[in-house]
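> Predicted model, plus sequence, below.
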Amino acid sequence: MIVHILLGPPGCGKGTTAKQLVGEFALTHLSTGDILRDAVSKGTEIGLRAKAIMAAGKLVDDDTVNGLVFARLRDETQDVLFDGYPRTLQQAEALGTFLSTQGIETGFVINIEVPESVLEARVVGRRVCSNSDCGAIYHLQNKPPKVANVCDKCGSSLKHRADDSSEAFKSRMVEFNATFQPMAAYYRGGKQYRRVDGNRTPDQVFVTLSQFFKENA
Ligand code: AP5
Ligand code: MG
């Protein structure tokens, strides 16, 4: 089993690209944001603790997130594509220790780079399918659904994430800027670390990432 990692700021396209990649390659998409949002909507103990933290654009504590991830990895048989994890140096180190004790390899670590100036509009204009089994991602301008507020794929209604306001976005960027460099430094210099320009169309980004996985096959 191999674990691949997508890194990058809020709105850089991690979820969009991950959904395209799992449609093409045998990968399980593990988004800690999606796992936490599911916990919030189910009202689990973790969800109840995480709800206000996430809505305010702050990070959920490392031990909680690591615990959720390791539990999922123990059940996994397919290669995994992480989206939004790890997020701090502590998470990267804890993941590294967990993977080596389990004999799991780290594959690509892909840093999707997008200038901060374009991210806010991406996040504020995002709409997502309310059916968590679908979770399709739209954008009011860049990728509108065919029928307003209805998911093209499953017909469910679309929703606006609680943390997709301008205010929460600013706080998410503060968190990102405080944690990203030390975490990325843990991976930088590794043979499978890749920087990708995410300020292109989603299809262009997908083609670049697909190439990595094809060459590796
Ligand atoms: P999470 O859900 O991971 O949010 P995020 O990292 O802020 O990333 P986003 O989901 O906002 O963006 P994305 O990169 O997936 O972009 P997308 O493809 O949707 O985390 C949410 C919260 O959960 C955190 O704030 C924290 O509280 C908690 N959390 C999660 N993980 C944690 C962890 N490890 N530790 C602690 N706390 C954690 O695209 C965005 C929009 O842009 C869409 O509308 C899309 O259509 C559009 N778009 C995508 N690509 C393009 C493109 N190339 N061109 C134009 N538009 C595009
Ligand atoms: Mg996402």
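That came in fine, so what should we check first? Ligands and ions are numbered 1, 2, ... in the order given.

> SS state for whichever residue of the chain sits closest to ligand 1?
Across the chain, the shortest distance to ligand 1 (CB to the nearest ligand atom) belongs to G33, at 1.9 Å. C-beta coordinates here come from the backbone N, C-alpha and C atoms, glycine included. When classified by DSSP: H, G, I helix; E, B strand; the rest coil, G33 comes out as helix.

> Dead centre of the chain: give me the residue that sits there.
Geometric centre of the chain, nearest residue: D83, 2.8 Å, by CA atoms, centre = their mean.

> beta partners of it?
L6, S31 (DSSP bridges).

> these two touch, right, it and T28?
No: using CB atoms under 8 Å, D83 makes no contact with T28, being 10.9 Å away.

> What parts of the protein come near ligand 1?
With CB under 6 Å from any ligand atom as the criterion, the chain meets ligand 1 at residues 8, 10-16, 31-33, 36, 53-54, 57-60, 65, 84-85, 87, 91, 122-123, 125-126, 137-139, 142-143, 163, 172, 198, 201-202, 205.

> coming back round to it: list the contacts of the residue nearest to the centre of the chain.
L6, K14, G15, A18, H29, L30, S31, T32, G33, D34 (CB atoms under 8 Å, 6 or more residues apart in numbering).

> pLDDT score assigned to it?
The per-residue pLDDT reported for D83 equals 98.

> Against A52, how distant is it?
Shown here: D83 relative to A52, a distance of 23 Å by CB to CB, to the nearest Å.

> which residues of the protein score low on pLDDT?
217 (pLDDT under 70).

> Can you list the strands that the strand ranked longest in it pairs with?
Longest strand of the chain, by residue count under DSSP state E: strand 105-113. Looking at strand 105-113 with DSSP bridges, its partner strands are strand 2-7 (parallel), strand 193-197 (parallel).

> quick revisit: if you look at the residues of the chain next to ligand 1, which of them are in strands?
S31, R126, I137, Y138, H139.

> number of nearby residues for Q91?
With neighbours defined by other CB atoms under 10 Å, the count for Q91 comes to 21.

> how near is it to T44?
Remark: distance between Q91 and T44 (CB to CB) = 20 Å.

> got it, and D133?
For D133, the distance to T44 - CB to CB - is 18 Å.

> now swap in Y186 and tell me
Taking CB to CB, one finds Y186 at 30 Å from T44.

> Out of the two, name the residue with the larger neighbour count.
Shown here are Y186 and T44; by other CB under 10 Å, Y186 has more neighbours (18 against 13).

> List the contacts of stretch 155-163.
Contacts for stretch 155-163 (CB under 8 Å, 6+ apart): 37, 54-57, 126-131, 134, 138, 145, 149-151, 168-169, 172.

> Let's have the strands paired with strand 105-113 in a markdown table, adding mean neighbour count.
Putting the strands paired with strand 105-113 into a markdown table (neighbours: other CB atoms under 10 Å) gives the following:
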| stretch | mean neighbour count |
| --- | --- |
| strand 2-7 | 23 |
| strand 193-197 | 16 |
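
> Would you convert these into CSV that also reports distance to D79?
Shown next, in CSV, are these (distance: least, CB to CB, whole Å):
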stretch, distance to D79
strand 2-7, 5
strand 193-197, 16
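
> ok now the longest helix along the chain, how far from the chain's centre?
As assigned by DSSP state H, the longest helix anywhere in the chain is helix 166-187. Centre-to-centre, helix 166-187 and its host chain are 13 Å apart (CA atoms, centre = their mean, to the nearest Å).
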